[in-house]
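Undergrad: Structure for the following, please:
(2 chains)
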Amino acid sequence: MFEFIVGYYNYWMYVGLMMIGFYAMMAKRNLMKKIIGMNIFQSAIILFYVSTSVKKGGVTVPILEHAHEAHEAHHAVDIMQYANPLPHVLMLTAIVVMVATLGVAVAICIMIHRRYHTLEEDEIITSIKRG
Amino acid sequence: MTAQIPILVVVIPLVSSFFCPLMGLWRKGLCYFWAVVALSLCVLASFNTLLTVVETGTIRYRLGGWAPPFGIEYVVDHLNAMMLVLVSVISLIVAIYSKRSVEQELPEKITYFYTVFLLQVTGFLGIVITGDLFNLYVFLEIGSLAGYALIAVGEDGAPLATFRYIVMGTIGACFYLLGVGYIYISTGSLNMADVQQLLPQLYDSKVILTAVAFLLAGLAVKMALFPVHVWLPDAYAKAPSATSALLAPLMTKISLYVMIRVLFSVFEPHLSIERLPITDIMVWAGFLAILGGAVMALAQTDFKRMLCYVVVAEVGYIVGGVGLANAIAIKGAILHILNDAVMTAGLFAVAGIVMYKTKSHNISDFHGLFKKMPFTMATFVVGALSIIGVPPTCGFFSKWYLIHGAVIAKHWAFLGALLLSSLISVVLFFRVIEIGFVFQPSHEGDTHSGGHTVTMDEAPASMLVPTVVIAMAIILIGLYNQTILSNLITFAVPKL
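TA: Prediction:
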């Protein structure tokens, strides 16, 4: 059991972070807090992706390693020797997407605040109902 | 040159959306024509792709010439060739339709509306055409972000509805991303065809089970499946008319398309049918969605909100149809994706015209509309008959296949839900039609000549013609459904 928790600590951390974000998105009534929760939720996924490619002990970037040995044909790439760069690259794209989402969400918060002068969901709903 | 056409389907709207604000700086009116021209080219490209697929089979387009497992690949088979044509044609029709309604509802935002409109279409087409799981996520978010912007400019309450949609939509997209992550860490590939080859040995792995769960849960939020549909009615009912005519038919249908892709092209069909009870869950989810959507639709007094709940019920038809897991039901479900997109586009277009003329989309404001706007209301009746499922319209045929599939699967509860929801649709739409026929003269006016003073006050041609075209498409798809089935959909149904 102890092994199970310690051995996979990166996954436990991402699950914990994700749940904190999820809780804030669902339970908080203030729109800004919801956005913060959304950001934590998304960051947890980024950390998950990045942590999947980590290897311990002298691993390096694969391309640099082989640049010197270009003349050696059929040089087998030892997967234990490098950290997979692809998840990092994917997360660069995902970060862009998430920043855009954050931007749109904050812009809509500004719209809401201009119209209703508050960011508390309950107060907005009552002022919509009042017409 | 012709080899490059599949990529043009996505590139044309993407590039033209960047030039749209520049056009708007020069002349505001140009943006509309720019969008229409771009989307017309897009329709041509997607029709060409469809014909190529029908003649020569699946097209595989390598972006930048990189070979599939490493590079991103666009794959067009019969299913997504049909979806490409559907998406591009409906967006073109809605773009033509949107001119007057955008001028009236968003007079200061015309330039930005068409810019975001084109980005939205880019997102849709990208989701449909791509053969790469991560690329699909990126396009899904492009489409969703554009959708948030298009909805938020709507009437009072739209920003809050959009905010809720953002929260829900982000959860959906993040779950999808997590699912892709789990697939990636266990297979090391993101290409759908490659993943399908690699996965079968890993079906017992718990990581893959988690991936399936996350992918489907995320997509369920995006497609507004019943318990998680709460974002949809508010967002689409309060959006500008042109936005709801574009988003309501397409966004949910495209998520349904992705679900079919994930179930049958990323995983082997037998995983979800035999090894895991996914399809059983889907039938019951569809059952709940049909009943929930139909009952909630009955309770609405707002025409657009009622249509939104009809969309929720229609999502249930398709999810349940795929869940029945026999060839005829899946055929019906795929045909229903096509039909439902056309039907809801027509009905939301009618809602937009009524909004344009009466400044309201309450059902009670439909009084006397049959006399005022006979053509608009005729198209409304065609759309309504199709939702109900009356023979010459397309809605009948897909529903027929779904019912046939339910009988083969001996799933009587789902069959009952299908029939009951048809009955409820009859009540729903005849209530509107009844109000439309009755003309109540206003109390200030002359009561005894009230019925005769109604003059015809039809919508402008730029709105009416696209709506009538959609109504004709509803009937034509119904008449030619065998051609569509035997040339396209038969190939899309997996071998079970």
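Undergrad: Spell out which parts of chain A neighbour chain B.
TA: Along chain A, the residues adjacent to chain B under the rule C-beta under 8 Å from any C-beta of the partner chain are A:22, A:25, A:31, A:34, A:38, A:41-42, A:45, A:48-49, A:52, A:86-87, A:90, A:93-94, A:97, A:100-101, A:104-105, A:108-109, A:111-112, A:115, A:121, A:124-125, A:128, A:131. To be clear about C-beta, it is placed using only N, CA and C from the backbone, and glycine gets the same treatment.
Undergrad: With residue B:436 as the reference, measure out to residue B:390.
TA: In this view, residue B:390 and residue B:436 are 18 Å apart by C-beta to C-beta, to the nearest Å.
Undergrad: So which residue is smack in the middle of chain B?
TA: With distances taken as C-alpha atoms, centre = their mean, residue B:250 lies nearest the centre of chain B, 2.3 Å away.
Undergrad: Please, which helix or strand holds it?
TA: For residue B:250, the host element (DSSP states H and E) is helix B:241-261.
Undergrad: Quick one: mean pLDDT for that helix?
TA: For helix B:241-261, mean pLDDT rounds to 92.
Undergrad: is it anywhere near chain A?
TA: No - against chain A, helix B:241-261 shows no contacts by C-beta under 8 Å from any C-beta, the least distance being 14.6 Å.
Undergrad: how about the residue nearest in space to the middle of chain A, what does it touch?
TA: Computing the C-alpha centroid of chain A and ranking residues by C-alpha atoms, centre = their mean puts residue A:43 first, at 2.5 Å. By C-beta atoms under 8 Å, 6 or more residues apart in numbering or on different chains, the contact list for residue A:43 reads A:17, A:21, A:98.
Undergrad: same question, residue B:38
TA: So residue B:38 contacts B:12-13, B:16-17, B:118 (C-beta under 8 Å, 6+ apart).
Undergrad: if you set the cut-off to 7 Å instead, what comes out?
TA: B:12-13, B:16, B:118 (C-beta atoms under 7 Å, 6 or more residues apart in numbering or on different chains).
Undergrad: Quick one: mean pLDDT over the helix or strand hosting it.
TA: Following DSSP H and E, one finds residue B:38 within helix B:30-56. Taken as a whole, helix B:30-56 has a mean pLDDT of 91.
Undergrad: and the next element down the chain from that helix?
TA: Next along from helix B:30-56, by DSSP H and E: strand B:59-62.
Undergrad: which residues make contact with that next one from outside it?
TA: Contacts for strand B:59-62 (C-beta under 7 Å, 6+ apart): B:6-7, B:49, B:52-53, B:68, B:71, B:73-76.
Undergrad: how about a cut-off of 6 Å?
TA: B:6-7, B:71, B:73-76 (C-beta atoms under 6 Å, 6 or more residues apart in numbering or on different chains).
Undergrad: Just give the closest residue to residue B:205, not the sequence neighbours.
TA: Spatial nearest neighbour of residue B:205, chain neighbours left out: residue B:186 (6.2 Å); criterion: C-beta to C-beta, 6 or more residues apart in numbering or on different chains.
Undergrad: relative to helix B:241-261, how tilted is the helix or strand hosting that neighbour?
TA: Per DSSP H and E: residue B:186 is located in helix B:158-187. Relative orientation of helix B:158-187 versus helix B:241-261 (axes from the mean of the first three to the mean of the last three C-alpha atoms, to 10 degrees): 20 degrees.
Undergrad: Relative to the whole chain's centre, how far out is helix B:158-187?
TA: 19 Å (C-alpha atoms, centre = their mean, to the nearest Å).
Undergrad: Contacts only, for residue B:259.
TA: residue B:219.
Undergrad: Can you name every helix or strand that the biggest helix by length in chain B contacts?
TA: Counting residues, the longest helix found in chain B (DSSP state H) is helix B:327-358. Other elements packing on helix B:327-358 under the criterion 3 or more C-beta pairs under 6 Å, 6 or more residues apart in numbering or on different chains; DSSP states H and E are helix B:78-105, helix B:241-261, helix B:303-324, helix B:374-388, helix B:394-408, helix B:461-479.
Undergrad: Those helices: which one's closest to residue B:493?
TA: Residue B:493 sits nearest to helix B:78-105 of all the helices and strands packed on helix B:327-358, at 9.0 Å, using C-beta to C-beta.
Undergrad: Compute the inter-axis angle for the host helix or strand of residue B:18 and helix B:78-105.
TA: Element membership for residue B:18, per DSSP H and E: helix B:5-26. Between helix B:5-26 and helix B:78-105, the angle comes out at 10 degrees (the same axes, to 10 degrees).
Undergrad: Now do the buried residues in helix B:5-26.
TA: Neighbour-count burial for helix B:5-26, counted by 16 or more other C-beta atoms under 10 Å in any protein chain shown, picks out B:5-10, B:12-14, B:16-17, B:20, B:23-24.
Undergrad: quick one on the thing from earlier: quick one, the helix holding residue B:250 and helix B:327-358 angle?
TA: 170 degrees.
Undergrad: Now do helix B:241-261 against helix B:303-324, angle only.
TA: Going by the same axes, to 10 degrees, helix B:241-261 makes 10 degrees with helix B:303-324.
Undergrad: from what I can see residue A:46 touches residue A:93, true?
TA: No - counting by C-beta atoms under 6 Å, residue A:46 does not reach residue A:93; the two are 10.8 Å apart.
Undergrad: Of those two, give the one with the bigger neighbour count.
TA: residue A:46 (19 against 14; other C-beta atoms under 10 Å in any protein chain shown).
Undergrad: for chain A, what are the low-confidence residue spans?
TA: Counting by pLDDT under 70, chain A shows low-confidence ranges at A:58, A:60-81, A:131.
Undergrad: need the helices for it, in chain order.
TA: A:2-7, A:9-27, A:31-52, A:62-67, A:86-116, A:121-130.
Undergrad: Now the fifth one: buried residues?
TA: Put plainly, it is helix A:86-116. Applying 16+ other C-beta under 10 Å to helix A:86-116 flags A:86-87, A:90-91, A:94, A:97-98, A:101-102, A:104-105, A:108-109, A:111-112, A:115-116 as buried.
Undergrad: helices and strands around that helix, which ones?
TA: helix A:31-52, helix B:133-152, helix B:158-187.
Undergrad: Would you tell me what the next helix or strand after the last one is?
TA: Next along the chain after helix B:158-187, taking DSSP H and E as the criterion, comes helix B:192-198.
Undergrad: Give me the buried positions along that following helix.
TA: B:192-196, B:198.
Undergrad: can you tell if it touches chain A?
TA: No - Helix B:192-198 is not in contact with chain A by C-beta under 6 Å from any C-beta of the partner chain; minimum separation 13.6 Å.
Undergrad: Of the helices of chain A, give the one that comes closest to residue B:265.
TA: Here helix A:86-116 is closest among those (C-beta to C-beta), at 20.5 Å.
Undergrad: I'd like to know how many residues surround the closest residue to residue B:89 other than its chain neighbours.
TA: Once flanking residues are discounted, residue B:89 sits nearest to residue B:43: 5.7 Å by C-beta to C-beta, 6+ apart. Close neighbours of residue B:43, defined as other C-beta under 10 Å, add up to 21.
Undergrad: from what I can see residue B:386 touches residue B:395, true?
TA: Yes - in this structure, residue B:386 is within contact of residue B:395 by C-beta under 6 Å, at 3.6 Å.
Undergrad: hmm, back to that, would you reformat the buried residues of helix B:192-198 as CSV and include pLDDT?
TA: CSV is the format used below for the buried residues of helix B:192-198 (pLDDT from 0 to 100):
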residue, pLDDT
B:192, 89
B:193, 88
B:194, 88
B:195, 88
B:196, 88
B:198, 87
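Undergrad: Out of the residues you listed, which comes closest to residue B:466?
TA: Of the buried residues of helix B:192-198, the one sitting nearest to residue B:466 (C-beta to C-beta) turns out to be residue B:192, at 34.5 Å.
Undergrad: Against chain A, how distant is the closest one?
TA: Per C-beta to the nearest C-beta, to the nearest Å, residue B:192 is found 16 Å from chain A.
Undergrad: my guess is that residue meets residue B:266, correct?
TA: Yes - under the criterion of C-beta under 6 Å, residue B:192 makes contact with residue B:266 at 5.3 Å.
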